[in-house]
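J.: sequence-free structure coming up:
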């Protein structure tokens, strides 16, 4: 869900090159662990997981302009290594479809893969103490919040933190502009101008759901729906095929 | 999912781009992509946007489908464009042109080259395991899409979806996706058995078409090299 599909040309080359280096290092580590007969069994399985993720991503969330990714669910079902590899494949196929940038494959994989890995380990810890459904919901929320925070840091870094924050001045001559604005305001102020009421009116602007508040609301709603759905699917598995969750707690 | 439609265009097209070598098209796409990323003037970026549009029109692919897919890149770049808008409108427009141009480049590549040929080119740089994964994913995807379509139909017919009941819909969607996952697991087991019988040992043999280079390949490579050079040189006219 937090997967923003970073397009080409918005991230500085140093960032996406670093993203590719880290992504390939992890891919090399995870593929190196699969050997022999395990390889024959796990590669088709990872392929199916990747295909499932692509299908899950095509499920719209109604009125919300986001879609599911269910990366945490894939992490729970396939384990951290295999899900990371599957996520790389998913991001590459999506990039070829114009869904996210080709240069951003590394970063997108790290963000989504991080979601899957964090979700897997959180579920592993929580499911020993809580019910499967509740553990899945909690681990999903935490993993998504973590990756969303990382994504926002990345977005901030692409434009500079000061550009992203809603309250700042963009002028080069900061002091002059503010001074000019103040003097102009003083000139145009009506006689019955009430500073207290003006401050209250400005406060109302903070509560309206526009700009960043709207983005945050959309992200949080998406996280809530995806987490609930993950919980319901895990609940379904715990009743119908509990063996699917064995990877977390092997018997 | 538009993957099936794009796959149809790539396999059934008959333009000069469809006849060019996959290697040529991948190199050309990456050269155009590099040119777009490093272009820092709006007129150069617009020129780089016009090139894939012209090629898409010339290649006879389904223009509507391609532009529909390309629209996603505009949506994704919107957030970044809004951030850049606080600096200047040209910076915001540049972000959107770059995202759209890059997406069109990639779409041109997949609409004129079958996926398996693209994976074959990638196999020169990526480990065999990853290439196999691409092939398995691609194969499974079409089977699972069919299953999903059938499942959505049956859920609707049984009254499993109501426009105003979010929790009810979520519960049913979870059940449907759960059943899909069970199907997918069974399918991966079948794939494992089939490939084991065929002697799969972790590397699916793929045909790589390298040459001979035809005129169309030479012209496309030359053109993309000229474009990249032209973009990188700071012209002072």
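T.: Arrived safely. All values derive from a computational prediction rather than experimental measurement. Numbers count the residues shown, from 1 in each chain, chains lettered A, B, ... in the order given.
J.: can you pull the contacts of residue 9?
T.: You didn't pick a chain, so chain A it is. A:101, A:103, B:36, B:37, B:94, B:95, B:98, B:99, B:101, B:102 (C-beta atoms under 8 Å, 6 or more residues apart in numbering or on different chains). Bear in mind the C-beta positions are built from the backbone N, C-alpha and C, glycine included.
J.: Sorry, I should have been clearer: chain B.
T.: By C-beta under 8 Å, 6+ apart, the contact set of residue B:9 is B:61, B:62, B:65, B:111, B:112.
J.: Help me confirm that it is found in a helix?
T.: Yes. Counting by DSSP: H, G, I helix; E, B strand; the rest coil, residue B:9 is part of a helix.
J.: Burial check on residue 83, number of neighbours?
T.: Reading this off chain A. By other C-beta atoms under 10 Å in any protein chain shown, the residues close to residue A:83 number 30.
J.: that's the wrong chain, I wanted chain B
T.: Residue B:83: 20 surrounding residues under other C-beta under 10 Å.
J.: so it sits in a strand?
T.: No. Going by three-state DSSP, the assignment for residue B:83 is helix, not a strand.
J.: tell me the domain ranges of chain B?
T.: Using automatic domain parsing, the domain parsing of chain B gives B:3-122+B:209-232, B:128-197.
J.: Which two among the contacts of residue A:9 are spaced furthest apart?
T.: Maximum pairwise distance in those, criterion C-beta to C-beta, is 15.4 Å, between A:103 and B:94.
J.: Between these two, which has more neighbouring residues?
T.: Higher neighbour count among residue A:103 and residue B:94: residue A:103, with 26 against 22, using other C-beta under 10 Å.
J.: how would you label the more buried one: helix, strand or coil?
T.: Applying three-state DSSP: residue A:103 is coil.
J.: That one against residue A:16, yeah?
T.: Yes. Counting by C-beta atoms under 8 Å, residue A:103 does reach residue A:16; the two are 4.5 Å apart.
J.: By mean pLDDT, flag the weakest helix or strand of chain A.
T.: Lowest on mean pLDDT, DSSP states H and E among the helices and strands of chain A sits helix A:174-188, with a mean of 47.
J.: list the helices and strands whichever strand or helix holds residue A:108 packs on?
T.: Under the criterion of DSSP states H and E, residue A:108 resides in helix A:105-126. With contacts taken as 3 or more C-beta pairs under 8 Å, 6 or more residues apart in numbering or on different chains; DSSP states H and E, helix A:105-126 sits against helix A:13-33, helix A:71-78, helix A:80-96, helix A:132-159.
J.: tell me the most buried of those helices?
T.: Of all the helices and strands packed on helix A:105-126, helix A:71-78 has the most neighbours on average by mean count of other C-beta atoms under 10 Å in any protein chain shown, namely a mean of 30.
J.: Just the angle for that helix relative to helix A:80-96, thanks.
T.: 130 degrees (axes from the mean of the first three to the mean of the last three C-alpha atoms, to 10 degrees).
J.: quick one, helix A:71-78 and helix A:105-126 angle?
T.: In terms of direction (the same axes, to 10 degrees), helix A:71-78 departs from helix A:105-126 by 60 degrees.
J.: ok, how many other residues are close to residue B:3?
T.: Residues within reach of residue B:3, counting by other C-beta under 10 Å, total 18.
J.: isn't it right up against residue A:96?
T.: No. Using C-beta under 8 Å as the test, residue B:3 is too far from residue A:96 to be in contact (9.4 Å).
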